[in-house]
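J.: A structural model of the following input is requested.
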Amino acid sequence: METAIRKRPVLITTVCIIGFIWIVGSLPAVFSPSIKKLGDWYPALFGFLVAACFISYIGLWHMKRWGAHVFIGAFFLKEIILIMIDDVSYPGFVISVFFIACMTAYYKKMDVNL
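T.: Residues are numbered from 1 along each chain as shown. Presented below is the predicted three-dimensional model:
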C-alpha cells in the first residue's frame, strides 16, 4: 500500500519554529518569582498552558488537526486568564491570532487521524 505523504507548508514550518523558540523562552518563566506573585494557582496553570502550546506545535509540525485544536483552546484559555488578572499582552495576542490564521489556511490539508 502506498500512502500519500503530506508535505508541510513553509508557513506552518515557520510558525512551528517560532513557536518552539517562544516556548523555550517561556519555560523558565514558569518558575520565576513574578509568576508566583500572581497567585498560588497561576504557576501551575501557566505551566499547563506552556505544555499545551508545546504539544500543539508538535501536532502542527506533523500536520495534525488536533494540533490546531489544542493551540486554539490554549489561546482562549490564556486570554481569559490574562483578562482576569489584567495582564493582556497585545503583541502576544496579535502573534497568536496570526498563528491561528496560518493554521486555518492549511486546516483542510491537515491529517484527521492521530
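J.: From here on, just use CA atoms for contacts and neighbour counts.
T.: Fine.
J.: Could you find the residue nearest the spatial middle of this protein?
T.: Central residue of the chain (CA atoms, centre = their mean): Cys53, 3.3 Å from the mean position.
J.: What sits closest to that residue if chain neighbours are left out?
T.: Distances taken as CA to CA, 6 or more residues apart in numbering put Phe71 closest to Cys53, at 5.7 Å, once the chain neighbours are dropped.
J.: in the strand or helix carrying that neighbour, what counts as buried?
T.: Following DSSP states H and E, one finds Phe71 within helix 65-84. For helix 65-84, burial by neighbour count (16 or more other CA atoms under 10 Å) applies to 65-72, 74-75, 78-79, 81.
J.: and those as a markdown table, adding pLDDT and distance to Phe98?
T.: Below are these laid out as a markdown table (pLDDT from 0 to 100; distance: CA to CA, whole Å):
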| residue | pLDDT | distance to Phe98 |
| --- | --- | --- |
| Arg65 | 92 | 17 |
| Trp66 | 93 | 18 |
| Gly67 | 92 | 15 |
| Ala68 | 92 | 13 |
| His69 | 93 | 15 |
| Val70 | 94 | 16 |
| Phe71 | 93 | 12 |
| Ile72 | 93 | 12 |
| Ala74 | 93 | 15 |
| Phe75 | 91 | 12 |
| Lys78 | 89 | 16 |
| Glu79 | 90 | 15 |
| Ile81 | 87 | 20 |
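J.: For the residue nearest to Cys53, give its distance to Leu38.
T.: 24 Å (CA to CA, to the nearest Å).
J.: can you check Leu77 too?
T.: Going from Leu77 to Leu38 by CA to CA gives 16 Å.
J.: same question, Trp22
T.: 21 Å.
J.: So for those two, which residue has more residues nearby?
T.: Neighbour count, other CA atoms under 10 Å: between Trp22 and Leu38, Trp22 has more, with 14 against 11.
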